[in-house]
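Chemist: coords please:
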Amino acid sequence: MSAQPTDATEWNQNPAPDSQRSRTAESQGPDPARGLFEMIPAQVAQGFGLNIAGRPSANLTLISQNSVLFYVDEYSLLRFSNNNFKGLLPLPDQAREKRIIFLPDLPSSELEILLQAIYRVPTSTPGTMGGGSMDDFHELVRGVGRLPTFGIAFKSVILPHTYIFDRILSFSAQYPLEVYALGGQYDIDELAVSASPHTLTVELTDIEEGLAGRIGALYLLRLIRLHEKRKKIIMDLLVEGPDSATVCRSEHQEELKKKWNMAIASLLSGINAGTPKELIQEVVMTGTSVIICDRCIEARDARLNAILTEWSMSARSI
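Modeler: Now for the predicted structure:
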């Protein structure tokens, strides 16, 4: 992305190309600031106007690719940046009207999300000026993905209990591996840990190479270990059947054992790290429904309850 700080004088010395003149007008008056805002439609992003309560006074204007204005302060942009906001700051100390940076490759939707991360503010209402909606996961990822370009470490602004952290995490059920990948890619352990339970029903063999690269070796290994550990736990639990030897006649014991094993066999083909306990209960109860011996039923229920209890208590996160 090429971005250039500019002021009204520079804009007038370098007229907009023909492709831009249809939507901008050159300065006609002697006032440089007045000329600038005649050139650029005064569309201001919601949440980034002048004099927002609770924030430092705006002393800088960012202009997006599609000519939306964002009033910000230099201190907040430099606070987390290790490259002076892509080398664009600080600007010379001058009147605010001249402290302007045009970002020609950054659409307003992504710039708004980037600034929301920096300022830790909620999303705007969909359809408002700026348009950076956190209701769209992929747009949200593109927006926060701009942070490293401006020297801002992902984990310095995407913190637990902040609005944007919680918003990203809210997509875990719909995009479990993608959210987990964000945690791995930017080494945000809290995000990866919180997202990992939602990956349990996903087959890790379905992870594509590009996604695996973003997750990274360390976090991918942790995820594999979680899945394999849980699979072993449920397999070990299911292998052990009910114990009715001390209370039932041999023919009843054999019938229970046979029906139990058939039910478990039907489960094993589709078992994974996230197999719900409700499914286990349904399959076992259906498969052993013909059992009529009261003692056998008690033994079955005792073993099934033990399995479900241990399974529900097994670790679900990395």
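Chemist: The stretch 101-250 of the chain: helices as residue ranges?
Modeler: Assigned by DSSP state H, counting those that start in this stretch, the helices in the stretch 101-250 of the chain fall at 108-119, 137-144, 154-157, 163-169, 176-185, 189-195, 209-215, 217-239, 250-268.
Chemist: Around residue 178, how many other residues sit close by?
Modeler: Neighbourhood size, residue 178 [other CB atoms under 10 Å]: 18. For every residue, glycine as well, the C-beta is placed using N, CA and C.
Chemist: Begin at 658, not 1, for the rest of this chat.
Modeler: Done: numbering now begins at 658, and the last item shifts to residue 835.
Chemist: Now the helices of the stretch 758-907 of the chain in TSV, please, with extra columns for distance to residue 954.
Modeler: TSV is the format used below for the helices of the stretch 758-907 of the chain (distance: least, CB to CB, whole Å):
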stretch	distance to residue 954
helix 765-776	57
helix 794-801	48
helix 811-814	54
helix 820-826	43
helix 833-842	38
helix 846-852	40
helix 866-872	46
helix 874-896	19
helix 907-925	9
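Chemist: so can I have JSON lines of those showing distance to residue 709 and mean pLDDT?
Modeler: Conversion of the helices of the stretch 758-907 of the chain to JSON lines gives the following (distance: least, CB to CB, whole Å; pLDDT from 0 to 100):
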{"stretch": "helix 765-776", "distance to residue 709": "9", "mean pLDDT": "94"}
{"stretch": "helix 794-801", "distance to residue 709": "19", "mean pLDDT": "94"}
{"stretch": "helix 811-814", "distance to residue 709": "18", "mean pLDDT": "94"}
{"stretch": "helix 820-826", "distance to residue 709": "15", "mean pLDDT": "94"}
{"stretch": "helix 833-842", "distance to residue 709": "28", "mean pLDDT": "98"}
{"stretch": "helix 846-852", "distance to residue 709": "27", "mean pLDDT": "98"}
{"stretch": "helix 866-872", "distance to residue 709": "34", "mean pLDDT": "97"}
{"stretch": "helix 874-896", "distance to residue 709": "37", "mean pLDDT": "97"}
{"stretch": "helix 907-925", "distance to residue 709": "56", "mean pLDDT": "91"}
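Chemist: so which of those comes closest to residue 711?
Modeler: Smallest distance to residue 711 across these (CB to CB): 9.5 Å, for helix 765-776.
Chemist: So which residues make contact with that closest one?
Modeler: Helix 765-776 is contacted from outside by 702, 704-705, 712, 719, 721-723, 725, 727, 729, 733-734, 736-737, 760, 763, 779-781, 786-791, 796-797, 799-801, 803-804, 807, 809, 814-815, 820-821, using CB atoms under 8 Å, 6 or more residues apart in numbering.
Chemist: got the CA positions of that helix in CSV?
Modeler: Written as CSV, here are the backbone C-alpha positions of helix 765-776 (Å, rounded to 0.1, in the frame of the first residue of the first chain):
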residue,chain,number,x,y,z
SER,A,765,-13.1,2.8,4.3
SER,A,766,-14.6,-0.5,5.5
GLU,A,767,-11.2,-1.9,6.4
LEU,A,768,-9.8,1.4,7.7
GLU,A,769,-12.8,1.7,10.0
ILE,A,770,-12.2,-1.8,11.5
LEU,A,771,-8.5,-1.1,11.9
LEU,A,772,-9.3,2.1,13.8
GLN,A,773,-12.0,0.3,15.9
ALA,A,774,-9.3,-2.1,17.0
ILE,A,775,-6.9,0.7,17.9
TYR,A,776,-9.5,2.7,19.7
